[in-house]
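Peer 1: Let's see this in three dimensions:
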Amino acid sequence: MKVLSLFDGMSCGQIALKRLGIRTETYYASEIDQHAIRQTQLNFPDTIQLGDVTQVDVRQLEPIDLLIGGSPCQSFSFAGKRAGMSTIDKEEIYTLKRYLELKREGFLFEGESYLFWEYMRILTDIRMYNPDVLFLLENVEMGKKWERVLSEAIGIFGVHINSALVSAQNRARIYWTNIRTKKVGLFGELHADIPQPQDRKIFLRHIVEEEADKKYYLSEKMMGWLKRHGEKRNTDMNVLGDNDKSHCLTATAQAKGNLTTNYVCMAMRGRETCLTSRRTEYGKRIRKAYEAGSIAEPRKNIQQLEPRTDG
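Peer 2: Below is the predicted model:
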């Protein structure tokens, strides 16, 4: 198969295909995070990196048999602002045609979830020469309105699967795919027909170490502080136990001498970096955008991260 993976990350698509015994003749990846790209090239050195998804032109590639990807979810997520797909002027985008018009006219878009339309642009281009191209799109659980917009655009209604069935983490997602489909209802709407995985009953106790150094445990003093802090705010402290599922696990670096990591320390730079004469190239671009009126954010909120190089 010739595969194109958008928003490729560390190329979990190649891991899945390898475990399925599917040989990829060519694997194109669109990704901009340099750390993810380095990880991919370490594990799959034959990967052909294409860079920014907005610049991908399938006419320059070999014919694609399988298109996969998980477009950014922040603007759909119940944990975010749920702005959906819109311009910064708050025009909501419901069709690929309208998105392409706005893109040509130079409009700026809210967040990153609008990049779903780049997935649709590329899928539409592939369908011109391969109407039977296989595809898989993943995104977060979202409101019914936006789920309907995505489903109607792609032509298939997605299947809802929570990865808690196969892991120790709650991770409810929607998958749109034509790999296996069924018709549903009076009007024969096409739905992804991927069966629910069998519940493997994996809990926190199955993934944590049975023995860990005491430095990794919260002290009684800290537990007491958390309890008092919760009582002040009238909220219960949620302590997950052995038989619970985890929420999203995040990586954090704490400069308290209790973690040995490869984290890079960063300094937060405020408006003096971006909007004064002593600014970086990044700051110059921000200033030009600000003066052109394309950034409405107050100056005091414009910041950037700079890695520390002093060791």
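
Peer 1: can you map out the strands along the stretch 201-311 of the chain?
Peer 2: Ranges of strands within the stretch 201-311 of the chain are 266-269, 304-307, based on DSSP state E, counting those that start in this stretch.

Peer 1: could you give me the average pLDDT of the last one?
Peer 2: Mean pLDDT, strand 304-307: 64.

Peer 1: again with stretch 12-28
Peer 2: Stretch 12-28 carries an average pLDDT of 95.

Peer 1: Local confidence estimate at the residue nearest to Asp199 when sequence neighbours are not counted?
Peer 2: Leaving aside its chain neighbours, Asp199 sits nearest to Leu165 (4.8 Å; criterion: C-beta to C-beta, 6 or more residues apart in numbering). C-beta coordinates here come from the backbone N, C-alpha and C atoms, glycine included. Leu165 carries a pLDDT value of 96.

Peer 1: which ones are touching the closest residue to Leu96 other than its chain neighbours?
Peer 2: The spatially closest residue to Leu96, leaving aside those adjacent along the chain, is Met120, at 4.8 Å (C-beta to C-beta, 6+ apart). Taking C-beta atoms under 8 Å, 6 or more residues apart in numbering as the criterion, Met120 is in contact with 96, 99, 153-154.

Peer 1: Which strand or helix spans Met120?
Peer 2: Using DSSP states H and E, Met120 falls within helix 116-129.

Peer 1: Distance from stretch 110-129 to the middle of the chain?
Peer 2: Distance, stretch centre to chain centre, for stretch 110-129: 15 Å (C-alpha atoms, centre = their mean, to the nearest Å).

Peer 1: list the buried ones in that stretch?
Peer 2: Using 16 or more other C-beta atoms under 10 Å as the burial criterion, the residues of stretch 110-129 that qualify are 110-111, 113-123, 125-126.

Peer 1: Spatially nearest residue to Ser125 (excluding sequence neighbours)?
Peer 2: One thing to correct before we go on: residue 125 is Asp, not Ser. Val58 (4.7 Å).

Peer 1: circling back to that earlier point, would a markdown table of the contacts of Met120 with secondary structure be doable?
Peer 2: Rendered in a markdown table, the data for these read as follows (DSSP: H, G, I helix; E, B strand; the rest coil):
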| residue | secondary structure |
| --- | --- |
| Leu96 | helix |
| Tyr99 | helix |
| Ala153 | helix |
| Ile154 | helix |
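
Peer 1: okay if I get these as a markdown table plus pLDDT, neighbour count and distance to Ile68?
Peer 2: Output for the contacts of Met120, formatted as a markdown table (pLDDT from 0 to 100; neighbours: other C-beta atoms under 10 Å; distance: C-beta to C-beta, whole Å):
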| residue | pLDDT | neighbour count | distance to Ile68 |
| --- | --- | --- | --- |
| Leu96 | 96 | 18 | 19 |
| Tyr99 | 96 | 23 | 21 |
| Ala153 | 96 | 20 | 17 |
| Ile154 | 96 | 22 | 13 |
